[in-house]
Every structure is written in structure tokens, then in C-alpha cells.
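A.B. asks: Here is my input, please return the structure:
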Amino acid sequence: MLREKLESRQARLGVIGLGYVGLPLSMEFARAGFTVVGIDTNEEKVRQLMAGESYIPDVPSEWVKDAVENGTFTATTDFSVLADLDTVDICVPTPLRKTKDPDISFVNSAVNEIEKYVHKGMLIILDSTTYPGTTDEIILSRIEKTGLTVGEDFYLAFSPERVDPGNEQWTTKNIPKVVGGVTPACTEHATILYKMSLGPVVPVSSTKVAETVKLLENTFRSVNIGLVNEMAMMCDRMGIDVWEVIDAAATKPFGFMAFYPGPGLGGHCIPIDPFYLSWKAKEAGFEARFIELAGQVNGQMPYYVVSKITDALNDQGKAVRGSRVLVLGAAYKEDIDDLRESPSLDVIKLLKEKGADVSFADPHVSTLVEGEMTMTSVEPTPEALRGFDCLVIATAHSAFDYDEIVAAGVPIVDSRNALKGIEADHIVKI
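C.D. replies: This is a model prediction of the structure:
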């Protein structure tokens, strides 16, 4: 019966968690012709969505407004709607604890609610990145206690999110969707759902394989970024321009993929996901040394950037303490407003700890709130730029006028190679 509902787009779909993953997914479901109910505990998000307003840059407000007005999308904080839904995608955060252990409390909270309203014929899919075995150990074991049999009475699968905020070429719609079910019937039903609403679907043999796929993707990036970050520090010690090295190496048409150094790792995925894998590996008695080493190297990059700032100020006869430093870019990557795990925050904190008077400028982030720290973005006008002792390019937003930044004549620490091709004594590259 569920299969027929999915293929005719008569199924009512649910999405728990309306953030960077859940909201775009909800909109693609709605735009494909399904009726969708988004569930989130944040009342303000729900209010905005029901008013036709999007808070995710990748989702135009017009999409939300149209979906709300034509009845294909509704947002609510009431989990009881699950009783009337045919499918539910869990798109909640999976952060790390300070001890680098997985924090799946948000997944557990979602399952607590699903348990209350699960019914025969329901398809449950976990999209949140997590360690291999989570779907079976956390969700399957608890839903089966309700008396339902997986693959017969209900269907359970894992399908990792692959969202890249700000990427206009590869979106939720066209990025291939990996799907692994607990049983073949689970995989089949989840595959039908995504084929009816998204782009290519890649079925795999199990939930554990699907869970590990996502971790491998991001571990690959973490390890290679760790390698190039170490190369940057090594080349600096030897007086070699690492950016020129990478550009030349990238001309090789096979066997090389260019990765670039920076002030550290940002976003929800790369700084976090590899540790989910290494944590699970330890349970199996295996030490994931590449993952741990890459984490150490990447974690040191904010400190390395601050050391470059210190040197740049010293060359001007100034100490870090009391110096006015402007960090250009708060988001973790260019042209988005995503502050999750942004290395810019680490650079700001470290500078503040050293007594610097720190400001930031970001065209996409008006206010920065991190713990007890609250800052407001400044406008990087030529006059304002000249009032600082040092400028730090932490994120290379296209909105920045780099000619004006260079023309200010203030020492610049460029951690993103944003000033590529510009040579000046007051520019320092990492």
C-alpha cells in the first residue's frame, strides 16, 4: 500500500528538523507534488515558515510561500501529526561532545516522539550523519519493541545528507542519494520515495554501509585538508609558496586532486564526521590514526594563523595585546551565513585571549553570538580599514573589495589566498 502511495505521490511525508538539511529536503518533496509536514521544536522557525519566510539561503522564500499557500507544506511543533504521516525523515543535528564522542541526543529525542505515533506502513529514514550501526542500534531496536516487524509492518533506512550550503550547481535536488535499508523491502521503499522527488538514487546493501559512505566522504576531505595544511606550514618554514606549489601540481591530469590550506575546518561535516568513525572504530579495537592525526593538524590551524598575526604585528613594532584586529569573514566558507564550527570563531577567541581588540566584518552575518561573546559586523569601508592595526582574511567572500583592503596599507594575514597574484610587503600568506 505504501508503495502505491509513493508512486502516485499520495503519501503524506514528514521531516523532523528544519535546518540546513531538513528544510531544503521538505521543499523538494513539496515541489515534487507531495504533501509535506515539517516538524521542529523551534517555534520561531515554524512561525517564519508559515509566514512564507525562509531562513536558509539555499531555499528561496518564494518556494516556502508557494508551498504554504497551495497546501503542500505545513510547519509545526506538534509531533502528534506523525500519526497521520506515511514517511518521516529525521534531519536533526548530530554534534560532538567536548570529549569527541558522538552526541546523538537529538536523534534519541526524535525517536522518542516517533515511538508514540509509529504505525503500520510507515517509512522511517535517518538522514543525520552518524556512526555505523546507529540506525539499527538506536531506532530499529526501539521501534520493534512496539510490536511492529521491520520490512513488513514498517520500513527503516538510512540515507546520508550531502548538503553543501551555497553550492548552486549541486543541490538537494540533484546530488545522488545513497540509501541503505534494514531489509531489501526497506531499501526499495526509501528508493521509491527519493526517485519520485529527487535526482539519482544509489541503493546499497545495508544501513551500516550507507552510514559509512558519508563518513568516508568527509574523512577523505579531512585527511587531505590535513595533509595540505601540514604542507602549508612546512613550505612556510622553507620559504616556499604553497599556493604556487598546489596550482602547479593541479595541472597533472591524473592522480592528483587539489585541496587548499586555510584557517581550520568549518561546517557541520568535516570537523565532526571523521570522529564519529574513529570513535566507532575504537569500539572494534581499531585505532584510526589518519583520522586522529588529520584532526590534530587541522585543529592547530587557527593557532597557526594567530601566530602569523602576531608576527605581522611584531614587524610593525606592535604587540597583540591592545592592537585592533579586523577578521574578514565569520562564516566557515565564502558567500554563506553558516557559522557552524567556523575557524573564524577560533581565531577571534584566541586573539581576544591575547588581549587584542577584535572586530569582524561579514556581508552575510550581522551578529555573531558564541557563548558569552556577542559581536556586530562592521562595514569594511576604506576609512574603517585604515583604523585597524592588522587585517585577517578568514573567509573569502566575493562581496569584499580586495583592492580597497590592500590599499588600506595595513598588515594583512591572508589565510585563504584571496589576494592571489597581488604582491605587497604588508601581505602575509599562511
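A.B. asks: Return the residues in contact with the closest residue to Asp362 other than its chain neighbours.
C.D. replies: Once its chain neighbours are removed from consideration, Asp362 has its nearest residue in Ala330; the separation is 4.2 Å (CB to CB, 6 or more residues apart in numbering). In short, each C-beta sits where N, CA and C put it, glycine included. Taking CB atoms under 8 Å, 6 or more residues apart in numbering as the contact definition, Ala330 lies against 339, 342, 344-345, 348, 360, 362, 365, 368, 377, 394-395.
A.B. asks: Take those residues and lay them out in a markdown table including secondary structure and distance to Glu137.
C.D. replies: Below are the contacts of Ala330 laid out as a markdown table (DSSP: H, G, I helix; E, B strand; the rest coil; distance: CB to CB, whole Å):
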| residue | secondary structure | distance to Glu137 |
| --- | --- | --- |
| Leu339 | coil | 31 |
| Ser342 | coil | 32 |
| Ser344 | helix | 36 |
| Leu345 | helix | 33 |
| Ile348 | helix | 38 |
| Phe360 | strand | 41 |
| Asp362 | coil | 40 |
| Val365 | coil | 38 |
| Leu368 | strand | 37 |
| Ser377 | coil | 43 |
| Ala394 | coil | 39 |
| Thr395 | coil | 38 |
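A.B. asks: bridging residues for the closest residue to Thr87 other than its chain neighbours?
C.D. replies: Nearest-residue entry for Thr87: Leu123, 4.2 Å, with adjacent residues in sequence omitted and distances by CB to CB, 6+ apart. The bridge-partner assignment for Leu123, based on DSSP bridges, gives Thr87, Tyr155.
A.B. asks: Give me the distance between Leu123 and Thr76.
C.D. replies: Counting by CB to CB, to the nearest Å, the gap between Leu123 and Thr76 amounts to 20 Å.
A.B. asks: So those two - more neighbours on which side?
C.D. replies: More neighbours surround Leu123 than the other of Leu123 and Thr76, with 26 against 16 (other CB atoms under 10 Å).
A.B. asks: Give the buried residues for the lengthiest helix in the chain.
C.D. replies: Across the chain, the longest stretch assigned as helix under DSSP state H is helix 207-238. Of the residues in helix 207-238, those buried by neighbour count under the rule 16 or more other CB atoms under 10 Å are 207-208, 210-215, 217-219, 221-223, 225-233, 235-236.
A.B. asks: again with stretch 11-19
C.D. replies: Judged by neighbour count using 16+ other CB under 10 Å, the buried positions of stretch 11-19 are 11, 13-19.
A.B. asks: hang on, the earlier thing: which helix or which strand is home to the residue nearest to Asp362?
C.D. replies: With secondary structure defined by DSSP states H and E, Ala330 is part of neither a helix nor a strand.
A.B. asks: all helices for the stretch 301-430 of the chain, in order.
C.D. replies: 343-353, 382-386, 402-407 (DSSP state H, counting those that start in this stretch).
A.B. asks: so which of those is the most packed in?
C.D. replies: Mean neighbour counts were taken over those using mean count of other CB atoms under 10 Å, and the top value, a mean of 21, falls to helix 343-353.
A.B. asks: C-alpha coordinates for it, PDB please?
C.D. replies: Extracted C-alpha coordinates of helix 343-353, given in PDB (Å, rounded to 0.1, in the frame of the first residue of the first chain):
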ATOM      1  CA  PRO A 343      37.500  28.500  12.300                       C
ATOM      2  CA  SER A 344      37.000  32.300  12.300                       C
ATOM      3  CA  LEU A 345      35.400  32.000  15.700                       C
ATOM      4  CA  ASP A 346      38.500  30.200  17.000                       C
ATOM      5  CA  VAL A 347      40.800  32.900  15.600                       C
ATOM      6  CA  ILE A 348      38.600  35.600  17.200                       C
ATOM      7  CA  LYS A 349      38.600  33.800  20.600                       C
ATOM      8  CA  LEU A 350      42.400  33.300  20.500                       C
ATOM      9  CA  LEU A 351      43.100  36.900  19.700                       C
ATOM     10  CA  LYS A 352      40.700  38.100  22.400                       C
ATOM     11  CA  GLU A 353      42.500  35.800  24.900                       C
END
